[in-house]
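**Student:** just the structure for this:
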Amino acid sequence: MTAVRGRTAEPISITVRNGEFAAVRGGSGAGKSVLLRTLAGFAPADSGAVLVAGLPPAPYERGGRAVLRLVENDPPPLPISLAHVCGPAAAALAAQWMAVLEIPPAGPRTQIGALEPVQRQIIALATACAAEPEVLLIDETTSALDPARERLLLGLVRERLPTAAIVAVLHRSDNVDLADVEITVRAGR
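**Tutor:** The predicted structure is shown next:
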């Protein structure tokens, strides 16, 4: 995955190869979330090109496999059940991860709005990972976890997606050492 971006203090050129984990760092308002939304194809680049697997980004399937998934910081507390949000594979993965992390499980009839933020984040991340994307973009989706559990969850994600390019904005710097690549974003204009 390669991207060139123009809303930061300086253009950014990023290359994250299959199987690599990249941590995005920068101050509040520096453009980290905008960078991920640009990589996902939801926000335009000011200049340059954004390419994912050699093509413009698209959160769709190619050849029966998910190309890209973006998991944002706080999944909305929707008034629908877990069973309506994710399929059986994602629900099983979320339950497995919650057990490992010692987070109370969520039943299939549980309303998303009744869940704790940490449960919603794990479910959103498990739903994205169950699709087995080539590229996973994580925008502070581990922010409700303490550093030790965040480290454990990031390990579980890498284990689940060993060949995916993973780019994550982490809420804190405790686990940046897990990254193969560090990307620093500085505020622009």
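**Student:** ranges for the strands of this protein?
**Tutor:** 2-5, 12-15, 21-25, 50-51, 61-62, 65-66, 68-71, 135-139, 165-169, 181-184 (DSSP state E).
**Student:** ok, which of those strands comes nearest residue 33?
**Tutor:** Taking Cβ to Cβ, strand 135-139 is the member of those nearest to residue 33, at 5.3 Å. C-betas here are computed from N, CA, C, even on glycine.
**Student:** thinking again about what came up before, can you redo the strands of the chain as TSV with mean pLDDT, distance to residue 129 and mean neighbour count?
**Tutor:** Shown next, in TSV, are these (pLDDT from 0 to 100; distance: least, Cβ to Cβ, whole Å; neighbours: other Cβ atoms under 10 Å):
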stretch	mean pLDDT	distance to residue 129	mean neighbour count
strand 2-5	44	22	20
strand 12-15	81	21	16
strand 21-25	94	13	21
strand 50-51	80	22	18
strand 61-62	66	15	12
strand 65-66	68	10	14
strand 68-71	90	8	24
strand 135-139	94	7	26
strand 165-169	95	10	26
strand 181-184	91	20	15
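**Student:** pretty sure residue 176 sits against residue 169.
**Tutor:** No. Contact between residue 176 and residue 169 fails when scored by Cβ atoms under 8 Å: they sit 10.8 Å apart.
**Student:** now list whatever residues contact both of the two.
**Tutor:** Taking Cβ atoms under 8 Å, 6 or more residues apart in numbering as the contact rule, residue 176 and residue 169 both touch residue 23.
**Student:** how close does the residue nearest in space to the middle of the chain sit to residue 47?
**Tutor:** Most central in the chain under Cα atoms, centre = their mean is residue 138, positioned 1.7 Å from the mean C-alpha point. From residue 138 across to residue 47, the span is 25 Å (Cβ to Cβ, to the nearest Å).
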